[in-house]
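1. pasting the sequence and the predicted coordinates here, then a few questions.
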Amino acid sequence: MLLPAKTARGVADGSIDLAFRRWKIPRVKVGSTFVSSAGVVEIVSVEQIAAADITDDDARRAGFASPDKAIAALRRTDDPVFRVGLRWAGPDPRIALREDDALSDDDIDDLLTRLARFDARSSHGPWTRATLDVIARRPAVVSTELAAELGRNRPDFKLDVRKLKQLGLTHSLDVGYELSPRGRVLLTRLESDPE
């Protein structure tokens, strides 16, 4: 479930604990979690409702000034409306991971195995090393330029960078990306021992 950054911050600070979505069927389950821009969010309830049943209190709890504003923010479809209860469950675990640069040989081997799997499953060939290299050489450069340098389309490039982010190797900046401490250690190891 995607949350706008403002909503995610509201969940983290406790001022928002609801969201409304139009879905054919619920896309989240109670107890599931997802990573937002403000950390991990847990789904605590999912209930189908009529849009007209959104109360003033519901709207406020979802970060809106009124039920009309909450309804206006919904997708323009005939799909049912779901009232989704949210709770902040903690910080983004990728932050601690990306700062962990004390990598053992086993850690390096594990990362290399994961990167090899990404490369092997790719429809456009091996990409992990080239992507790490371009981000290392060109931090804070817009993704459109990085993708073009690698001969890739931007959406697919961004999806691949997200995979590296999940491993704690990169992180997003306001514009572009940079290698994390963990990613720099891995790339240094790759450069010193390419085999």
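-> Structure's in. What do you need?
2. and the lowest-mean-pLDDT helix or strand in the chain, what does it pack onto?
-> Scoring the helices and strands of the chain by mean pLDDT, DSSP states H and E places helix 93-99 at the bottom, with a mean of 85. Judged by 3 or more Cβ pairs under 8 Å, 6 or more residues apart in numbering; DSSP states H and E, helix 93-99 is in contact with helix 154-166, strand 170-172, helix 181-192. To be clear about C-beta, it is placed using only N, CA and C from the backbone, and glycine gets the same treatment.
3. centre of the chain to the last one, how far?
-> How far helix 181-192 lies from its chain's middle: 23 Å, per Cα atoms, centre = their mean, to the nearest Å.
4. need the residues that contact it.
-> 97-101, 103, 108, 111, 129, 132-133, 135-136, 164, 167-170, 179 (Cβ atoms under 8 Å, 6 or more residues apart in numbering).
5. thinking again about what came up before, what's the first helix or strand after the least confident helix or strand of the chain?
-> Of the helices and strands lying after helix 93-99 in sequence (DSSP states H and E), the nearest is helix 105-121.
6. next, the buried residues of the next helix or strand after that following helix.
-> As assigned by DSSP H and E, the chain's next helix or strand after helix 105-121 is helix 128-137. The neighbour-count check on helix 128-137 (16 or more other Cβ atoms under 10 Å) flags 128, 130, 131, 132, 134, 135, 136 as buried.
7. and the contacts of helix 181-192, which of them are buried?
-> 98, 103, 111, 132, 135, 136, 164, 167, 168, 169, 170, 179.
8. host element of the closest residue to residue 173 other than its chain neighbours?
-> Closest residue to residue 173 apart from its sequence neighbours, by Cβ to Cβ, 6 or more residues apart in numbering: residue 140 at 5.2 Å. Per DSSP H and E, residue 140 falls between elements, in no helix or strand.
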